[in-house]
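what's the 3D shape of this:
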Amino acid sequence: MKAVADKLTSLANDELDVGLQNLYGRSAFNRYYYCIFLVTRDLLREYKVEWSKSKHKQIPDILVVTFKKELIKEVKKTLRHNLVTESEASKAITQIRTSTAELSSLLIEAYDARCIADYEPEVLLNNLDKNLLLGEYKLNTASTWPSKAQSYCKSIRRILKDYALV
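Coordinates of the predicted model:
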């Protein structure tokens, strides 16, 4: 999916026709969003299959409320059973809080950009110093979303594995 988004970004950046540039750029935003949505959905599916069927708008809340709470509860349980040190548990809890919050924020931002791209055709892409903007969102920034999401998910997966939660 990222390869498609990157190609659309390249086409948008190279396109001289403003109408086509707008279409390629909007489609690139859409694909970048789906990259991070799918990575996050896969993570949630590994932990609880039914979460993978959640609506797009629900996933950020699942991450920062339910998922985070359940993971922290499990880490604390391992601490109570003396399976980890206080320091290890504290580090894991901090990582859970940070990664779920960052991933949730990223999803909210990307979802908003995707909704503008898909449902607000009157908002046109602007070319500002070789950086395409859709409203307040930069296409160059959107291209970093997938790697950020993968990094947050990797961090969470490491905790899931270390605490035998999957």
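
and the helix or strand bottoming out on mean pLDDT in the chain, what other elements does it pack with?
When the helices and strands of the chain are scored by mean pLDDT, DSSP states H and E, strand 125-128 comes last with a mean of 90. Here strand 125-128 touches helix 18-47, strand 131-134, going by 3 or more Cβ pairs under 8 Å, 6 or more residues apart in numbering; DSSP states H and E. C-beta here means a position set from N, CA and C on the backbone, and glycine is covered the same way.

so which elements touch whichever helix or strand comes after the last one?
Just to be clear, that refers to strand 131-134. Counting by DSSP states H and E, the next helix or strand C-terminal to strand 131-134 is strand 137-138. Applying 3+ Cβ pairs under 8 Å, 6+ apart, one finds that strand 137-138 makes contact with helix 86-119.

contact partners of the least confident helix or strand of the chain?
Residues outside strand 125-128 that contact it (Cβ atoms under 8 Å, 6 or more residues apart in numbering) are Ala12, Gln21, Asn22, Gly25, Arg26, Leu132, Leu133, Leu134, Leu139.

do you know how far the closest residue in space to the fourth one that isn't next to it in sequence is from Ser105?
Spelled out, that is Gly25. Spatial nearest neighbour of Gly25, excluding adjacent residues (Cβ to Cβ, 6 or more residues apart in numbering): Ala12 at 3.9 Å. Using Cβ to Cβ, to the nearest Å, Ala12 is found at 25 Å from Ser105.

also Ser151?
Separation of Ser151 from Ser105 (Cβ to Cβ): 14 Å.

got it, and Gln21?
Distance from Gln21 to Ser105, by Cβ to Cβ: 28 Å.

ok, those two, which is more surrounded?
Neighbour count, other Cβ atoms under 10 Å: between Gln21 and Ser105, Gln21 has more, with 19 against 14.

could you check the pLDDT of the closest residue to Cys153 other than its chain neighbours?
Taking Cβ to Cβ, 6+ apart as the measure, Cys153 lies nearest to Leu43, with 4.6 Å between them; neighbours along the chain are not counted. For Leu43, the pLDDT comes out at 96.

contact partners for Leu43?
Per Cβ under 8 Å, 6+ apart, neighbours of Leu43: Cys153, Ile156, Arg157.

ditto for Lys7
Counted by Cβ under 8 Å, 6+ apart, Lys7 has zero contacts.

any idea which element it lies in?
Lys7 is part of helix 2-14, with elements assigned from DSSP H and E.

quick check: angle from that helix to helix 18-47?
On the basis of axes from the mean of the first three to the mean of the last three Cα atoms, to 10 degrees, helix 2-14 is oriented at 160 degrees to helix 18-47.
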